[in-house]
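Here is my input; please provide its structure:
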Amino acid sequence: MKKRKTLSDVAAAAGVSKMTASRALRGAGDVSRSSLEKVGRAAKELGYVGNHLAMSLASQRSDLIGVVVPSLMNIVFAEVLSGIAEGLEGSGMQPVFGVTEYDPDREYEIIRNMLSWNPAGLIITGLDQPHDTLRLLENADIPVVQIMDVDGTPVDACVGLSQKAAGEAMADAMIAKGRRRFGFVGSDLDKDTRARKRFTGFEAALSAKGLALVAAQTGNGVSSVKAGRDLTAQILQDHPELDCIYYSNDDLAVGGAFHCIAAGIDVPGKLVLAGFNGLDLVESLPVKIATSRTPRREIGKAAADIVLTSDRDRSGSDGKRTEFRPEIITGF
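Just a heads-up that it's a prediction; the model follows:
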C-alpha cells in the first residue's frame, strides 16, 4: 500500500512551513496569495487529503451536517437531500444521511450515532419524535432543523408546510369541484404522522362543510403504487358510490389510477383521485388526477441555510419557522 501523503509533504513541496501549509489549507485570511496558490497546487499534485477527524477533535466539532430522512423509496426525500446538498455547496460542510424507514427506534439510534461525531448541525424529518429522541435533540447544543412539517413545536427551528392545512386545502378544492362522496386511502398512518395530519385536516374541512367521509381504507405496509392499486380495489368494491378518493401520497394515487384504468372507471369524470407531493409521474398518466405540489428542494435548501447562518453568526436557530405552501393541482 502506498503511504498517505501528510501535511509535511505538502509543506515541503510548496516550500513553506508546516504551519503556513496548515493555515493555507484552512483558508486563513492572514496567508499570502502566493502561499495559498503554492500550497493548493502542491496539495492537488500530491493528492493530499486532510484529516478532518483530527481537526474535529481539536475544535470539538466536525464539518458534518447530519440529515435524517424516513425513506428513499420515492423521489420526495431524494429531492430534499439534493436541496440540502445545494444549500451547503461551497460552505465546507459535508452532509451525511441516515434512513429510518419510519422506525422510531432506528431514528433514535441514527441520531445518537450522528451526535457522537460532533456534527455542526442536524436536519431531521418531522416534529413528532418520541420523548427519548427529543431529549437527544434538545441536549445536542448545535443547530437542529426539523423539516417537512410546521404543525407543532420544534426543538430549535422548522422548515416545511402545514400538513393539516394541506389536507384541508385539498378537501376544499374537491368540494368546489362538486364532489360529495369522499373516501380515503392511506398506508402505515401509525408511523407516517405527516400523512395522518393531512387526513385529519381533510376530514375537518369536510365536516366544516357539513360533509362526512364515506369510507377509509388503510394498509400497514410501505406506501407504493401496488399498495395503492390493491387498496383502491378494496374500497371501491365496498363503496362503488364514491366520487372522490383522497390518498396520503401520489404513489398510492397512481396505483389507484391504474386500478381504475383496468376496471374501466372514468377518471376524473365519475371518480376523482387526489394525491399529495406533485410527482412528475402524475403528469405522465393517461388520466388526470389531482395533487398538492410540494417544494421539496426548496425546503432542503432553506434548512441548510438555517444551519449555516446559525453556525456563522452564532445566534442560534431557536424559534425560526419557515413555512411553504403547496400548490393544488386539480388535474381537471
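
for this protein, which helix is longest?
Longest helix in the chain by number of residues, with DSSP state H as the criterion: helix 296-313.

V10 is in what secondary structure piece?
V10 is located in helix 7-14, with elements delineated by DSSP states H and E.

now what about whichever helix or strand comes after that helix, what contacts it?
Per DSSP H and E, the first helix or strand lying C-terminal to helix 7-14 is helix 18-25. Helix 18-25 is contacted by residues 7-8, 10-11, 14, 16, 30-31, 35-36, 39-40, 42-43, 50 when judged by C-beta atoms under 8 Å, 6 or more residues apart in numbering. Quick note: C-beta positions are derived from backbone N, CA and C, even for glycine.

and the two most separated of the residues you listed?
Greatest spatial distance among those (C-beta to C-beta): S8 and D30, at 21.1 Å.

more neighbours, those two?
S8 (10 against 6; other C-beta atoms under 10 Å).

what stretches of the stretch 51-200 of the chain score poorly on pLDDT?
51-61 (pLDDT under 70).

Show the residue spans covered by the helices in it.
In the stretch 51-200 of the chain, the segments counted as helices under DSSP state H, counting those that start in this stretch are 52-59, 75-88, 104-115, 131-138, 163-176, 193-208.

Can you give me the neighbour number for the closest residue in space to N220 that isn't next to it in sequence?
Excluding the flanking residues, the one nearest N220 by C-beta to C-beta, 6 or more residues apart in numbering is D188, at 6.1 Å. When neighbours are defined as other C-beta under 10 Å, D188 has 17 of them.

from memory D188 sits against L231, does it?
No: if you go by C-beta atoms under 8 Å, D188 and L231 don't touch, sitting 11.6 Å apart.

overlap in contacts of those two?
In contact with both D188 and L231: G219, using C-beta under 8 Å, 6+ apart.

before we move on, back to that, now do the helix holding V10: which elements does it pack against?
For helix 7-14, the elements it packs on are helix 18-25, helix 33-46, judged by 3 or more C-beta pairs under 8 Å, 6 or more residues apart in numbering; DSSP states H and E.

outside of it, which residues touch it?
Applying C-beta under 8 Å, 6+ apart, the external contacts of helix 7-14 come out as 17-18, 20-22, 24-25, 35, 38-39, 41-43, 45-46, 48, 50.

mind listing what's buried in it?
For helix 7-14, the neighbour count (16 or more other C-beta atoms under 10 Å) marks 7, 9-11, 13-14 as buried.
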